[in-house]
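**Q** Take a look and give me a structure for this.
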Amino acid sequence: MANFNGTNMAIIKNPPSDGEKIAASQIGPKVRCFIEQVNLETNDINDADTIVVGQLPASSRLLKIEIIANGSSDLSAADATIGDGTDADRFAALTDLPAAGLTVVCDVPAVSFAGSEVTAVTDIVMTIDAADLPNATGDGFTVITYYADLN
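**A** Predicted structure coming up:
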């Protein structure tokens, strides 16, 4: 038997008389995905170029970002940061992009999770760090996973 409860479990097990409730952002929010495709064949992507790869709705929180190199698209010559257009690495610091057919899961820092609820619609922007990406025949994908409806 446990000796202690975490903050939220304490409220669940012994509801306070003042009606305090657990924030919806911490228990019961919906998990959603935003999937984006970037055509590497028709875009000449270079160093410091930015690509909008997703959008978080208001009152949501980022959980995970996956970058997928589809088919023969080898992105491994480049790195990228993931931010919001104002802060280039708000969601993920410099990350190695994947080789053909592989997936990279970006580490979303704990600080991003702890206070990352966005209050307005927020673009997710990937900034490329490479001399240039090859114009490969194929596509790259991003999968953005987030909590929605936090209020």
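
**Q** Can I get the longest helix seen in the chain as PDB, trimmed to CA atoms?
**A** Using DSSP state H, we find that the single longest helix of the chain is helix 7-13. Extracted in PDB, the C-alpha atoms of helix 7-13 (Å, rounded to 0.1, in the frame of the first residue of the first chain):
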ATOM      1  CA  THR A   7      -1.100  16.100  -5.900                       C
ATOM      2  CA  ASN A   8      -3.800  15.000  -8.200                       C
ATOM      3  CA  MET A   9      -4.400  11.600  -6.600                       C
ATOM      4  CA  ALA A  10      -4.800  13.400  -3.200                       C
ATOM      5  CA  ILE A  11      -7.600  15.500  -4.700                       C
ATOM      6  CA  ILE A  12      -9.300  12.400  -6.200                       C
ATOM      7  CA  LYS A  13      -9.000  10.400  -3.000                       C
END
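
**Q** Just list whatever residues bridge to the residue sitting nearest the centre point of the chain.
**A** What sits nearest the mean C-alpha location of the chain, by C-alpha atoms, centre = their mean, is Ile65, with 3.8 Å. Note on Ile65: beta-bridge partners by DSSP bridges are Cys106, Ile144.

**Q** Phe91 is in contact with that one, correct?
**A** Yes - in this structure, Ile65 is within contact of Phe91 by C-beta atoms under 8 Å, at 6.5 Å. Glycine gets a C-beta too; all of them are placed from N, C-alpha and C.

**Q** hmm, back to that, mean confidence score for the next helix or strand after the longest helix of the chain?
**A** Using DSSP states H and E, the helix or strand that follows helix 7-13 in sequence is strand 30-39. Summarised as a single mean, pLDDT over strand 30-39 is 81.

**Q** tell me what strand 30-39 is packed against?
**A** Where contact means 3 or more C-beta pairs under 8 Å, 6 or more residues apart in numbering; DSSP states H and E, strand 30-39 is packed against strand 50-56, strand 139-148.

**Q** Please consider this matter closed, and thank you.
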